[in-house]
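Visitor: Show me the folded form of this:
(2 chains)
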Amino acid sequence: MRSRLTPYLMVLPGGLWLLAFFAVPLVLMVSFSLMTGNIIEGFEQVFRWQNYTEGLELYGDKFVRSLWYGLLATTACLLLAYPAAAWIAFRAGSRKSVYLLLLLLPFFVSFILRTVSWKFVLADNGIVLGTLKGWGVLPDGFHVLGTTFAVIAGLTYNFLPFMVLPIYVALERLDPRVVEAAQDLYASRTQTFLRVVLPLSLPGVFAGVVMTFVPVSADYVNADVLGGPDNVMIGNVIWTEYFVNNDYPTASALSFTMMAILLAGIFLYARALGTEDVLEAAKR
Amino acid sequence: MSARRGRGLQVYTWILVGWLVLPIAVMILFGFNDTTTRQNFVWEGFTLKWYARLFEKPDLTQALVNSLFIAVLSTAVTTVLGTLIGLALGRYRFRGKGLSNVVLFAAISSPELVMGASLLSMFVTLNVPRGIGTVVAAHVMFSIAFVAVTVRARAAGLDPALEEAAADLGATRWETFRLVTLPMIMPGVLAGALLAFALSIDDFVITNFTSGTTVTFPLWVWGSTRTGTPPQVNVMGTLIFAIGVLIAIVNVVAARRRKT
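Guide: As a prediction, the model looks like this:
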């Protein structure tokens, strides 16, 4: 009897913690999203669905922009990460862990500090642009900070390791004999890649895309530090609603909408990819 | 893949590494910059004075201390709770196992913004004063799943015969756990703890939503972007980077030793 209870007792403390600080807050946020009122007079539950429709009306363009930035940065991450991950998995031999460590170096610097550091690098009179302007290569008024490009580049930079790791793990597990078998059967290099290597690495690609797309679309730091007024993402809007306007109902409605869009996106994407079980693929 | 093609990819990998390292190199470099203005963007000459004056800004030092305190405390709690979950999922069959896995997956893949925002909603509703306590609670919440998944992977690969052998030799359940199971899952537990520590000390978004007026190192750096980030921040970033890389190198070397 005691041994049958053991796994439950082991899961219980952590489970309660997740219930109290993960599940309950989400439910409260949904409840908040239908309230009305303000921080001084208090909030009242009136099931005001307009919080959602008004939020979408006001900030629909920010949602679209966030998803668009998410798509661009995720694509850039995938294109940048895959060749390097493949080279390390297949070709780096005994130096695999060294190269992997090099690609993961940004993780050893705080996320905020990396972003601020890009601000140093890209500053109008900073080490790169200042030098190039000094040489007369770039016109004096040229700037990168405050542009869409800076935000996308920052997002790509910050979340690249999330793409590298799962793809590398998937490729590293790939049995080299299946590649040899494809070559023995006279598959060209392109065919071997498209029909053997790529399909076998798809679980890694799937995990990488989810792990990149979700935090990128919900980010507000890159747009804040590297972007300008035209780069406001939904994350920045939610932040402002919480901390500047103290409009908790609207902020909650926007947050929940954000999460619903991302979840729906993950499931649609999983179906499009033909992944039988989303969770299984993401766990790998 | 031919050798030539392999070389092309190798060059590409090095270019990618160069891009990844660039802002880190600049961060380290500008910790040595003899800057005179508030904006530390322009190179003005080499100095070591910022290393000597590292703790000159009391609020920055306090922020770093807060970060370390939060990271140590939340790592301790997370490691215990996460290891228990990971062990249960890796070693036992029980009803609710599937649900537990789904919850862990949800906790790992939820956007931090949503977790932070919902925690803030809860603390405001329940009138909980926000500070170090709420930040620790939040950090434990988002790192439990990472520790559990790491330990689960390790525990699932264990041979149950070893524990049975211990029991056959007269070990009690506690002795079996302490002398057989725990040493075998230890690498997973340590990896999980390291991950939890790294996640906690670096966390910005969730901390931003749950900290109230308490300031951690990432929050302080973010605040400083408006007025100018002082070189002390570069120095602290450099030191944290150096310690992290050192730990990683020791790990890599140790793993190689074990293999050969």
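Visitor: Tell me how many other residues surround residue 19.
Guide: All of this is about chain A. 12 (other CB atoms under 10 Å in any protein chain shown). C-betas here are computed from N, CA, C, even on glycine.
Visitor: um, chain B though
Guide: By other CB under 10 Å, neighbour count at residue B:19 equals 15.
Visitor: Ok, residue B:9 next?
Guide: 18.
Visitor: Now it: closest residue in space, sequence neighbours ignored.
Guide: Distance criterion CB to CB, 6 or more residues apart in numbering or on different chains; nearest residue to residue B:9, sequence neighbours excluded, is residue A:87 at 3.9 Å.
Visitor: Which strand or helix spans the one you found?
Guide: Following DSSP states H and E, one finds residue A:87 within helix A:50-91.
Visitor: Can you name the next helix or strand after that helix?
Guide: From helix A:50-91, the next helix or strand downstream (DSSP H and E) is helix A:96-103.
Visitor: in that next one, what's buried?
Guide: By neighbour count on 16 or more other CB atoms under 10 Å in any protein chain shown, the buried set for helix A:96-103 is A:96, A:97, A:99, A:100, A:101, A:102, A:103.
Visitor: which strands and helices sit next to that helix?
Guide: helix A:50-91, helix A:148-173, helix B:3-30, helix B:231-259 (3 or more CB pairs under 8 Å, 6 or more residues apart in numbering or on different chains; DSSP states H and E).
Visitor: Over it, what's the mean pLDDT, rounded is fine.
Guide: Helix A:96-103 carries an average pLDDT of 88.
Visitor: which other residues reach that helix?
Guide: If you take CB atoms under 8 Å, 6 or more residues apart in numbering or on different chains as the criterion, helix A:96-103 is touched by A:84, A:87-89, A:92, A:160-161, A:164, A:168, A:172, B:13, B:16-17, B:20-21, B:245, B:248-249, B:252, B:255-256.
Visitor: Just the CA trace of that helix, in PDB.
Guide: Extracted C-alpha coordinates of helix A:96-103, given in PDB (Å, rounded to 0.1, in the frame of the first residue of the first chain):
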ATOM      1  CA  LYS A  96      31.800  18.400 -30.700                       C
ATOM      2  CA  SER A  97      31.300  19.600 -27.200                       C
ATOM      3  CA  VAL A  98      33.800  22.500 -27.700                       C
ATOM      4  CA  TYR A  99      31.900  23.800 -30.800                       C
ATOM      5  CA  LEU A 100      28.600  23.300 -29.100                       C
ATOM      6  CA  LEU A 101      29.900  25.300 -26.100                       C
ATOM      7  CA  LEU A 102      31.000  28.100 -28.500                       C
ATOM      8  CA  LEU A 103      27.500  28.300 -30.000                       C
END
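Visitor: Next, the closest residue to residue B:130 other than its chain neighbours: phi, psi?
Guide: Closest residue to residue B:130 apart from its sequence neighbours, by CB to CB, 6+ apart: residue B:212 at 3.0 Å. Main-chain dihedrals, residue B:212, degrees, to the nearest 10: phi 60, psi -120.
Visitor: same thing with residue B:68?
Guide: The phi/psi pair for residue B:68 (degrees, to the nearest 10) is phi -70, psi -40.
Visitor: so which of the buried residues of helix A:96-103 would you say is closest to residue A:130?
Guide: residue A:102 (27.8 Å; CB to CB).
Visitor: Kindly provide the distance from the residue of the stretch 151-260 of chain B found nearest chain A to residue B:70.
Guide: Here the residue of the stretch 151-260 of chain B nearest chain A is residue B:244; by CB to the nearest CB that distance is 3.8 Å. From residue B:244 across to residue B:70, the span is 17 Å (CB to CB, to the nearest Å).
Visitor: quick one: low-confidence parts of chain B?
Guide: B:1-5, B:259-260 (pLDDT under 70).
Visitor: Disregarding residues adjacent in the polypeptide, which is nearest to residue A:204?
Guide: Residue A:204's closest residue in space is residue A:170 (CB to CB, 6+ apart), at 2.7 Å.
Visitor: Pull the number of nearby residues for the one you found.
Guide: Count around residue A:170 with other CB under 10 Å applied: 22.
Visitor: Kindly report the same for residue B:149.
Guide: Neighbour tally, residue B:149, other CB under 10 Å: 23.
Visitor: Surely the residue nearest to residue B:130 and residue B:128 touch.
Guide: No - look at residue B:212 against residue B:128 with CB atoms under 8 Å: they stay out of range, at 9.5 Å.
Visitor: so which strand or helix has residue A:25?
Guide: With elements taken from DSSP H and E, the one containing residue A:25 is helix A:24-32.
Visitor: what angle do that helix and helix A:50-91 make?
Guide: Angle of helix A:24-32 versus helix A:50-91, following axes from the mean of the first three to the mean of the last three CA atoms, to 10 degrees, is 140 degrees.
Visitor: Which strands and helices lie in contact with helix A:24-32?
Guide: By 3+ CB pairs under 8 Å, 6+ apart, helix A:24-32 packs against helix A:248-273, helix B:112-125.
Visitor: Summarise which helices and strands the longest one is packed against.
Guide: Taking 3+ CB pairs under 8 Å, 6+ apart as the contact definition, the neighbouring helices and strands of helix A:248-273 are helix A:24-32, strand A:35-38, helix A:50-91, helix A:198-217, helix A:234-243, helix A:278-283, helix B:112-125.
Visitor: from those, which stretch is densest packed?
Guide: Highest mean neighbour count of these: helix B:112-125, a mean of 24 (counted as mean count of other CB atoms under 10 Å in any protein chain shown).
Visitor: by contact count, what packs against that helix?
Guide: helix A:24-32, helix A:234-243, helix A:248-273, helix B:132-156, helix B:205-210.
Visitor: Measure how far the second one is from the centre of its chain, please.
Guide: This points to helix A:234-243. 18 Å (CA atoms, centre = their mean, to the nearest Å).
Visitor: Likewise for the fourth one?
Guide: Between the mean C-alpha location of helix B:132-156 and the chain-wide mean there is a distance of 10 Å, by CA atoms, centre = their mean.
Visitor: Could I get the buried residue list for it?
Guide: Within helix B:132-156, judged by 16+ other CB under 10 Å, the buried ones are B:132, B:134-155.
Visitor: what angle sits between that helix and helix A:24-32?
Guide: Going by the same axes, to 10 degrees, helix B:132-156 makes 130 degrees with helix A:24-32.
Visitor: Residues contacting the very next helix or strand once past helix B:132-156, please?
Guide: Using DSSP H and E, the next helix or strand after helix B:132-156 towards the C-terminus is helix B:160-168. With CB under 8 Å, 6+ apart as the test, helix B:160-168 has contacts from B:91, B:173, B:175, B:176, B:179, B:180, B:181, B:184.
Visitor: Count the residues that sit near the last one.
Guide: Okay, so that is residue B:184. 15.
Visitor: cool, and the fourth one?
Guide: By the other CB under 10 Å criterion, the neighbourhood of residue B:176 contains 18 residues.
Visitor: The second one now?
Guide: Under the neighbour criterion other CB under 10 Å, residue B:173 is assigned a count of 14.
Visitor: how many neighbours does the nearest residue to it once chain neighbours are set aside have?
Guide: For residue B:173, ignoring the flanking residues on the chain, the nearest one in space by CB to CB, 6+ apart is residue B:167 at 7.8 Å. Per other CB under 10 Å, the neighbour tally for residue B:167 reads 14.
Visitor: Quick one, which of the helices and strands packed on helix B:112-125 gets closest to residue B:192.
Guide: helix B:132-156 (3.6 Å).
Visitor: which helices and strands does the closest one pack with?
Guide: Using 3+ CB pairs under 8 Å, 6+ apart, helix B:132-156 sits against helix A:2-18, helix B:58-91, helix B:97-109, helix B:112-125, helix B:182-202, helix B:205-210.
Visitor: Let's see that with 10 Å instead.
Guide: helix A:2-18, helix A:278-283, helix B:58-91, helix B:97-109, helix B:112-125, helix B:182-202, helix B:205-210 (3 or more CB pairs under 10 Å, 6 or more residues apart in numbering or on different chains; DSSP states H and E).
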